[in-house]
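Student: with the sequence up front, the predicted model follows.
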Amino acid sequence: MPLQFIAPSIRVSSCCYLTFCPLLARSAFLTQPTFRFTSSNTPLRGSLLRNSLPSLAMDNVGASPIGATPFDRDEVTQEKYASMSKLLLQFTEIPNVDKAWTCKSKIGESSQAMFLISQPNLLANKKRQSILTSHILKTSSDSVSFHWAPFPIEMTGVSAMVPSPSGLKTLIIRNTEGDSPTHIEIWDQAGVEREFAIPRSIHGSIFSDGWFQGISWNSSETIIAYVAEEPDQVKPKFSGFGYKKDDKKEKDLGTWNCQGEWEEDWGETYAGKRKPSLFVIDICSGEVCTVEGISRDLSVGQVVWTPSSVGQQHLVFVGWSSGARKLGIKYCYNRPCALYAVEAPTFGKTTSGEKMLLTNLTPSISSAFFPHFSPDGKFLIFVSAKCSVDSGAHSATDSLHKLEWPSDGKFDGCLKISDVVPAVMFPEEEDSFPGLYSSKFLTKPWLSDGHTIVISSIWGSVQTIISVNTLSGQVSRISPLSSNSSWDILALDGDNIIAVSSSLTDIPKIKYGSLIGKEYKWNWLDVASPVPRCSEKVLSTLAALESTIFKIPVRNVSENLTEGGRLPFEAIYVSPKSSKRDSSDPLVVILHGGPHSVSLASFSKSSAFLASLGYSLLIVNYRGSLGFGEEALQSLPGNVGSQDVEDVLGAIDFAIDKGLADPSKVAVVGGSHGGFLTTHLIGQAPEKFTAAVARNPVCNLALMLGTTDIPDWCFFETYGKDGKTHFTEAPSADHLALLHSKSPISHISKVKTPTLLLLGAQDLRVPVSNGIQYARALKEKGVESKVIVFPKDIHSIDRPQSDFESFLNIGLWFKKYCS
């Protein structure tokens, strides 16, 4: 269910986030008042280390939730917290490189790049973002130099930044809270060119979340299309004399608005947000128009302009129909969606009064998103999660398709759709292409030949950079084949690639890939850069570690398993280097959520922190994970709580048999579905684990069914392929009995393992009641346990202070019970 844990994860399905999982789990221009020069290694004050943290704690068997520090105030305990806090802080403050943009420089063959850098601001409890610029000079295929600006520029209050196609302008979005207007700023090289305040009567906040987000410049860079919340509906108003008729001439004194009819939202991360709707703004006049013709039941996102053609230009966007109910959509790729085209508004001209025609471009396929036009405008490519929609899996193997675009811009009859990269059932050979798993696309993913795109995709337990020839369908792995690191593309610089590479034992490093010849061979160069950076303590700790990806044979192979379901799964093992390895080192087993997500062999601050405490790590990508083909993924639904449990136990035994773990010192941690697995394991194998931690775990599917934003997930993972047929909002007694039998709560009587539960009180995906019920059951059985509830956190528990306190307590819990 969408949520994952610790090891970096991608494409969290419905029950996943963080690098836990669905259930956890697919520029330097700011207003002057917000400019602030900042060193990316600004220290935090040591007083934070001893401050009590704002959570609610229920400690041990007999305690009640109280607003207090999660530890006793004796000197020894405080020193442990202070020491471990100081170490965790060194990992926490490592910055991330999130995005990059490039444009051609006016000087020779050089180019300019902007990098978006993020770093948690613990004192403010927010994410700090900044822009760092660089001048790129490429002298040959074997040499490139980046000339960096002396300091990054902090982006205060910026929700989104989108450079124009030419790179000469940049759009800055500043969403505000309450009734304040949304600010749109247009920047050029001299500063702010124009600024507009859009009142709530026109629309609410502009979506910048990467799901509904759609911000697109037209080719002439005069109009911008974007997705924002529709304006608030007018509600009845009352005064001390009863109902008050709307009279704008009167002042609103002594009145109040009724609540009005309740409207469903799209669940986790979208609580209270209104329907995503499509707007355009003329950046010369500031005039904003609602795009007409879109049916009321469609929520829109990912808008792009059609190629310039004779006549009226159109907008292409992704539309999700709400149907009978809006189920949670974040990380849920199984929500049907299609590409639509609608006529773009024309500013300065009166309309004829005719209704705008809305055209469904992809009626023959159940899912279509990430639309991108080819450079010549002759075709449109898009990704489909058809495997997810048709099966019910919240995330599954993607496919890539191409739609021939009419040269005259008219949509007469059905447009031809062809497969470019079909879904892969299973890898034909060991380490061969397992299928497409991509959770993002660059705005400009095309090489200069006009038909090759470059994207990042999951390949087993690593993320790779691949090229796809959209004419032939050929897929090529272009990040180094020998690398156990993960690679993520940041931007294209002409036909060259700016990427970031990392592993569980190496912090992210910026790389530059140069294209050699016409055979698409790539030469990867290291880039000296000021970010990311870390302390000498972190560097020395990581230098003493090594990681290996093991292939784990499937135990107890069933006759009903498909060929892909019989293939080995993977586990990533992190430990001190062989010369320093001590077989008595405790082993921490890390489990991602989803369950259809993946833990990647890329840098994870939380995993590195645990390894720095002296633990070896076993990060298990059990069958059902992304990156191993569709058959392996579909082998899990209907078998949760058994097949995934057996895979994890098999991976642990594999490590023990190789002498890599002490069977008396094994701990387990997971979030969302990883928490489901964690609590299943301590119930089904109670002698195996000395300590356990679960973040927002699924402990009782029957209880979760009536409170989650994704009740269909409960049915699908319980019933498998028949889950869509059985799904109902009014479950029968038989339904509830089966859901309970698949749940960890059914094994509660056997649990002995000391267990820490970390819960987000605002979680809509796995509501807090699931964890609280399990904690109370542990208390009733006399099992040592501790609960920390974060009052303002959702499923991911990723607010900086909450994330910090979570992993601090995880480290202390394991130190207490698994040393």
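Tutor: Alright, I've got the coordinates.

Student: so, low pLDDT: which residues of this protein?
Tutor: Where the chain drops to pLDDT under 70, the residues are 1-73, 108, 246-253, 309-311, 348-356, 413, 518, 579-583.

Student: which one in it is furthest away from the centre?
Tutor: Phe241 (50.5 Å; C-alpha atoms, centre = their mean).

Student: now do the buried residues in stretch 467-483.
Tutor: Within stretch 467-483, the residues that count as buried by 16 or more other C-beta atoms under 10 Å are Ser467, Val468, Asn469, Thr470, Val475, Ser476, Arg477, Ile478, Ser479, Pro480. Quick note: C-beta positions are derived from backbone N, CA and C, even for glycine.

Student: right, I mislabeled it, should have said stretch 498-518
Tutor: 498-515.

Student: among these, which are in strands?
Tutor: If you go by DSSP state E, the buried residues of stretch 498-518 have 498-503, 506-515 in strands.

Student: ok, which pair from the residues you listed is furthest apart?
Tutor: Maximum pairwise distance among these (C-beta to C-beta): 26.7 Å, between Ile507 and Leu515.

Student: do you know how far the residue lying closest to Pro697 once chain neighbours are set aside is from Ile184?
Tutor: Of all residues not flanking Pro697 in the chain, Gly675 sits nearest, at 2.4 Å (C-beta to C-beta, 6 or more residues apart in numbering). Gly675 is 41 Å from Ile184, where distance means C-beta to C-beta, to the nearest Å.

Student: sorry, back to before: torsion angles phi and psi at the residue nearest to Pro697?
Tutor: Backbone torsions of Gly675, given as degrees, to the nearest 10, read phi -70, psi -30.

Student: thought it was touching Asn696?
Tutor: Yes. Gly675 is within contact range of Asn696, at 6.2 Å (criterion: C-beta atoms under 8 Å).

Student: in a strand, that's where Val554 is, yeah?
Tutor: No. Assessed by DSSP: H, G, I helix; E, B strand; the rest coil, Val554 does not belong to a strand; its assignment is coil.

Student: show the contacting residues for the nearest residue to Val527 once chain neighbours are set aside.
Tutor: Nearest non-adjacent residue to Val527, counting by C-beta to C-beta, 6+ apart: Ile510, 4.2 Å away. By C-beta atoms under 8 Å, 6 or more residues apart in numbering, the contact set of Ile510 is Val97, Phe146, Leu490, Ile498, Ala499, Val500, Val527, Ser529.

Student: any idea what the fourth one is bridged to?
Tutor: Just to be clear, that refers to Ile498. Beta-bridge partners for Ile498, by DSSP bridges, are Ala491, Tyr512.

Student: what segments of the stretch 51-200 of the chain are strands?
Tutor: Under the criterion DSSP state E, counting those that start in this stretch, the stretch 51-200 of the chain carries strands at the ranges 56-59, 96-104, 111-121, 126-140, 143-148, 153-154, 160-163, 170-174, 182-188, 191-198.

Student: check the offset of the third one from the chain's centre.
Tutor: So that's strand 111-121. 18 Å (C-alpha atoms, centre = their mean, to the nearest Å).

Student: same question for it: list its buried residues.
Tutor: Ser111, Gln112, Ala113, Met114, Phe115, Leu116, Ile117, Gln119, Pro120, Asn121.

Student: right, and out of those residues, which lies closest to Val158?
Tutor: For the buried residues of strand 111-121, the nearest to Val158 is Leu116 (9.7 Å; C-beta to C-beta).
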